[in-house]
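>>> I would like the atomic coordinates for the input below:
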Amino acid sequence: MRVLAALSGGVDSSVAAALLLDAGHEVVAVTMKLWGGAQDSGCCSVGDVEDARRVAQQLDIPHHVFNFADDFDRHVVSPYVDAHAAGRTPNPCIECNRHIKFDRLLVRARQLGFDALATGHHARRTVDADGAVRLRRGVDRAKDQSYVLFALSQADLRDVLFPIGDLTKAEVRLKAAGLGLRTAAKSESQDTCFITADAGRRAFLEDRIDLHAGRLVDPSGATLGTVAAVELITVGQRKGLGGGAGERRYAVAVDVAAATVTVGSTDDLRTDGVRLEGATWVSGQAPPPGTAVVVQMSAHGQPVAASWDGSTVQFVAPERRPAPGQAVVLYDGVDADEVLGGGTAA
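Now for the predicted structure:
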């Protein structure tokens, strides 16, 4: 099989390419150039491109760089800015996977005649006897990345491979070390790739939108203080919201138009359910109303028991509310291994 391997410059994608070679596939590596601005961390930086090139040399496979910077700005950076401007919580990694890796890059792979696109995600795909493809968690639950892949369709999954999904992170590093790959001990990228550590989120957004000072109010509307920029506050946030001794305040609502942030206790954050916007389903069909599911509301959040009623996730017991704009991903209710789909918290 002829496989285009997305090589990010990290250890996971390096080992994914190596495993494909071990399996006898013809492998060509590609690294995506996504961001043309200042950058000091995250995937696909200048250093990561060089690491990817050197790994491809070590594996003796061709290496190319595809420039998708315009698509990245349109589908990832601009929605990130717009979400903050509206008082919502953006998901740049999910949008990058949805629009860049498994749309733009996958389309390019097909156009170039490749049989499959492979990535270094900690996730698995299985195929039923009838040809239906299922998306499952990676074996290493601590590194599982199925949450950010919930928007993949059947057509996507038929042409995608996750070679390291059956390995733990420790096994991935051991394989890389055994091959002498330069990425074997490389640390993982944790931050948003287009925001530098020195400048930070505020400086990035100030260059693109106006930030507005606002009032902190309690649930009754009484003023408690101020915030420097309502656009930088997310529901569930505690830092920077004041509070007396023994009293913790959390943002429970952000109203950019009114320039107010409502704060309350952890009890004020709890909810019985959350309505989803833009839901998509791996199988192509939504689960029947009343289906028992397990829900995850952040990349490495604790899965919680719930049911799906056709538009809303209903929690078995009150749970901390996800921020508007945050991805809510549904897994099967048996062992929480299979991704059913998900959407965005309204």
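
>>> which parts of the stretch 1-150 of the chain are helices?
Secondary structure of the stretch 1-150 of the chain (DSSP state H, counting those that start in this stretch): helices at 11-22, 46-59, 69-72, 78-85, 92-96, 106-111.

>>> what's the top strand by length along the chain packed up against?
The residue-count maximum for a strand in the chain (DSSP state E) belongs to strand 270-281. Counting contacts by 3 or more C-beta pairs under 8 Å, 6 or more residues apart in numbering; DSSP states H and E, strand 270-281 is packed against strand 312-320, strand 338-345. In short, each C-beta sits where N, CA and C put it, glycine included.

>>> can you tell me which of the helices of the stretch 1-150 of the chain is packed in deepest?
The highest average neighbour count among those, using mean count of other C-beta atoms under 10 Å, belongs to helix 11-22 at a mean of 24.

>>> compute the inter-axis angle for that helix and helix 46-59.
Angle, helix 11-22 to helix 46-59, by axes from the mean of the first three to the mean of the last three C-alpha atoms, to 10 degrees: 20 degrees.

>>> contact partners of helix 11-22?
Residues outside helix 11-22 that contact it (C-beta atoms under 8 Å, 6 or more residues apart in numbering) are 3, 5-7, 27, 29, 52, 55-56, 59, 61, 118-122, 161-164, 167, 172-173, 175-176, 179, 181, 183-186.

>>> what about the nearest residue to Ala184 once chain neighbours are set aside, which SS state?
Distances taken as C-beta to C-beta, 6 or more residues apart in numbering put Ala176 closest to Ala184, at 3.7 Å, once the chain neighbours are dropped. Look at Ala176: counting by DSSP: H, G, I helix; E, B strand; the rest coil, its state is helix.

>>> cool, Leu157 as well?
Three-state call for Leu157 (three-state DSSP): helix.

>>> you'd agree it is up against Ser283?
No. If you go by C-beta atoms under 8 Å, Leu157 and Ser283 don't touch, sitting 10.1 Å apart.

>>> of those two, who's got more company?
Using other C-beta atoms under 10 Å as the criterion, Leu157 and Ser283 rank with Leu157 on top: 20 against 16.

>>> how about the contacts made by the nearest residue to that one once chain neighbours are set aside?
Closest residue to Leu157 apart from its sequence neighbours, by C-beta to C-beta, 6+ apart: Val133 at 4.0 Å. Residues in contact with Val133 (C-beta under 8 Å, 6+ apart) are 125-127, 154, 157-158, 282.

>>> show me which of these are buried.
The neighbour count (16 or more other C-beta atoms under 10 Å) marks 125, 157, 282 as buried among these.

>>> contacting residues around the last one?
Listed by C-beta under 8 Å, 6+ apart, the contact partners of Val282 are 133-135, 150, 152-154, 157, 339-341.

>>> quick one: which of those is most hemmed in?
In terms of neighbours by other C-beta under 10 Å, these top out with Leu135 at 27 neighbours.

>>> show me what the closest residue in space to that residue that isn't next to it in sequence is bridged to.
Distances taken as C-beta to C-beta, 6+ apart put Val339 closest to Leu135, at 4.3 Å, once the chain neighbours are dropped. Residues in a beta bridge with Val339, per DSSP bridges, are Leu135, Tyr331.

>>> quick one on the thing from earlier: most packed of the helices and strands packed on strand 270-281?
strand 338-345 (a mean of 23).

>>> tell me the mean pLDDT for that strand?
For strand 338-345, mean pLDDT is 98.

>>> touching, Val304 and Glu319? I think so.
Yes. Judged on C-beta under 8 Å, Val304 makes contact with Glu319 at a distance of 5.4 Å.

>>> my read is that Pro324 contacts Pro90, right?
No. The criterion here is C-beta under 8 Å, and Pro324 misses it with Pro90 at 10.6 Å.

>>> between the helices and strands packed on strand 270-281, which gets nearest to Gly47?
Nearest to Gly47, of all those, is strand 338-345, at 32.0 Å by C-beta to C-beta.

>>> now for that closest one, which elements pack on it?
strand 133-137, strand 270-281, strand 327-332.

>>> redo those as CSV? Include distance to Val294.
Listed next are these as CSV, based on distance: least, C-beta to C-beta, whole Å:
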stretch, distance to Val294
strand 133-137, 11
strand 270-281, 14
strand 327-332, 4
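
>>> so of the ones you listed, which one's packed in deepest?
Using mean count of other C-beta under 10 Å, strand 327-332 ranks as the most buried of these, with a mean of 24.

>>> helices or strands up against that strand?
By 3+ C-beta pairs under 8 Å, 6+ apart, strand 327-332 packs against strand 291-296, strand 338-345.

>>> partners of the first one, with directions?
According to DSSP bridges, the neighbouring strands of strand 291-296, each with its direction, are strand 304-308 (antiparallel), strand 327-332 (antiparallel).

>>> dump those to TSV, plus mean pLDDT.
TSV is the format used below for the strands paired with strand 291-296 (pLDDT from 0 to 100):
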stretch	mean pLDDT
strand 304-308	98
strand 327-332	98
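
>>> circling back to that earlier point, hmm, which of the contacts of helix 11-22 are the buried ones?
The buried subset of these - by 16+ other C-beta under 10 Å - is 3, 5-7, 27, 29, 52, 55-56, 59, 61, 118-122, 161-164, 167, 172-173, 175-176, 179, 181, 183-184, 186.
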